[in-house]
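In: Could you look at this predicted model? Sequence included:
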Amino acid sequence: MSKNKCQEKATLLPTTTGNDNKSNSEAEFLAYAPLFAYVNLTISSIGTTYRAYANNDMAMVAFIIFVILGYFVLEICFRALKRLPRDEESAKKSLLKFTIWGLSSSILFGFAYQLGTFACLGATLIMYAVVIASSSCIFFVYFIHDDKKNGATVSADGGEKIGTDSWSSCDLEKNDDKKTAAVFEKV
């Protein structure tokens, strides 16, 4: 059975590898991958906290504890956000998005501050610029782009309502140039 060009574009990852035993073992490994991240974070954080405490660097100890707690709270927020319906807007969903953005940004700014003490002025400014750009991207993805994707509708030619989340390159190939131009002017 052959797929058309649009179906091939829509599939980003292979659905099967041809060997079911291998795909099951890969799935089991991927299920335990976060555990390896937690173990690595815990071990390296304990070592770094001990060294900071031994050198009487309480600011570093506080920062490490904040990063560890922030990482686990972010994980909880990501899981809770994933469980919520995609098209529904609620106060809980907005609060989770704001928490994810705020915690991610504060951790990034904390790293820039801690690393900025060891770097020259130019490198420190570049680190802060990267952090500001990253924070802005996270804000854009969770608040501006997501609102457009979920809530906005575009009227194209003849009053037809088209949700922006239903568009893909394959959908654009199906529409004539006039409708496509009208949609992109509105978006």
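Out: Perfect, thanks for sending it.

In: in the chain, which ranges drop under the pLDDT threshold?
Out: 1-23, 147-187 (pLDDT under 70).

In: what about the strands in it?
Out: For the chain, the strands defined by DSSP state E occupy 153-156, 160-163.

In: How many residues are close by the closest residue to Phe66 other than its chain neighbours?
Out: Using CB to CB, 6 or more residues apart in numbering and skipping the chain neighbours, the partner closest in space to Phe66 is Gly110 (6.7 Å). Yep, even glycine has a C-beta here, placed from its N, CA and C like the rest. Residue crowding around Gly110 was assessed by other CB atoms under 10 Å; the count is 17.

In: Likewise for Ala112?
Out: Residues lying near Ala112 (other CB under 10 Å) number 20.

In: I'd say it and Met127 touch.
Out: Yes. Ala112 lies in contact with Met127 (CB atoms under 8 Å); the separation is 4.4 Å.

In: Pull out the buried residues from the longest helix seen in the chain.
Out: In the chain, taking DSSP state H as the definition, the longest helix is helix 20-54. Burial within helix 20-54, assessed by neighbour count using 16 or more other CB atoms under 10 Å, is assigned to 49, 52.

In: just stretch 60-69 next, same as before
Out: Going by neighbour count (16+ other CB under 10 Å), the buried part of stretch 60-69 is 60-61, 63-64, 67-68.

In: Pick the one among those residues closest to Ser25.
Out: Among the buried residues of stretch 60-69, Ile68 lies closest to Ser25 (CB to CB), at 30.8 Å.

In: residue contacts, that closest one?
Out: Ile68 makes contacts with 41-42, 45, as judged by CB atoms under 8 Å, 6 or more residues apart in numbering.

In: What of Pro34?
Out: Listed by CB under 8 Å, 6+ apart, the contact set of Pro34 reads Glu75.

In: How about Val67?
Out: Contacts of Val67 (CB under 8 Å, 6+ apart): 45, 107, 110-111.
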